[in-house]
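Asker: this is a predicted model, with the sequence first.
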Amino acid sequence: MASFWTGQRIRLRGIEPDDWTAFMRFAVDEERLGDLLHPPRSAEGFRTWAKEQSSAKTDGDRFGLAIEAIDTGEIVGAVGSHQADPHAGWFEYGVTMGAEHRRKGYAAEAVVTLLRYMFAERRYHKCVARLFAHNEASLALHRRLGFVEEGRLRDHVFFAGRHHDLVMMGMLADEFAQLHTMSEL
């Protein structure tokens, strides 16, 4: 049996210290594409962050994973569960892809793998995603995967000199099961 974390095109794995250069590129891509704007971080800052991530203990159901392309072994993005409420049964996740790796199916495969784990193995009931309203590609990806728009927070985030809407999307475990297999066994 292949690893649960390995799909057709990608493998999800822990972040390693040497992954810092990929995460530095992702930060530049996010700024260039208008997704996020943070003060510049040094190469040493990225090295320290990646080293800390590689040895960090898990924090319940909050974790980050590198998305590795199987054919090249290159880190193409990252996915993770950022908030989780086991009592209420929901978690929030995020995904980022390097600019040159978008629209190749990597993100969809990574998200489905993460959702399968959280719904089938961790028994969560709902997944929540927050998306910038101007990010049409991300909105389209989430709709294709089966997420439903649950609301829009107007002028909720401020970056790049102006306010932006934030779209709240969600998917329930039974909705996921109707569209995707719950097990790869």
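Answerer: Perfect, thanks for sending it. Residues are numbered from 1 along each chain as shown.
Asker: the spatially most central residue of the chain in helix, strand or coil?
Answerer: By Cα atoms, centre = their mean, the chain has its centre lying nearest to Val95, at 1.9 Å. Counting by DSSP: H, G, I helix; E, B strand; the rest coil, the backbone at Val95 sits in strand.
Asker: which residues touch it?
Answerer: When contacts are counted by Cβ atoms under 8 Å, 6 or more residues apart in numbering, Val95 touches Ile67, Gly77, Ala78, Val79, Ala107, Ala110, Val111. (C-beta placed from N, C-alpha, C; glycine too.)
Asker: so what sits opposite it in the bridge?
Answerer: Counting by DSSP bridges, Val95 is bridged to Val79.
Asker: state the pLDDT value of it.
Answerer: The per-residue pLDDT reported for Val95 equals 95.
Asker: in the contacts of Val95, find the pair that's most separated.
Answerer: With distances taken as Cβ to Cβ, the most widely separated pair in these is Ala78 and Val111, at 11.6 Å.
Asker: filter the contacts of Val95 down to the ones in helices?
Answerer: Members of the contacts of Val95 lying in helices (criterion: DSSP state H): Ala107, Ala110, Val111.
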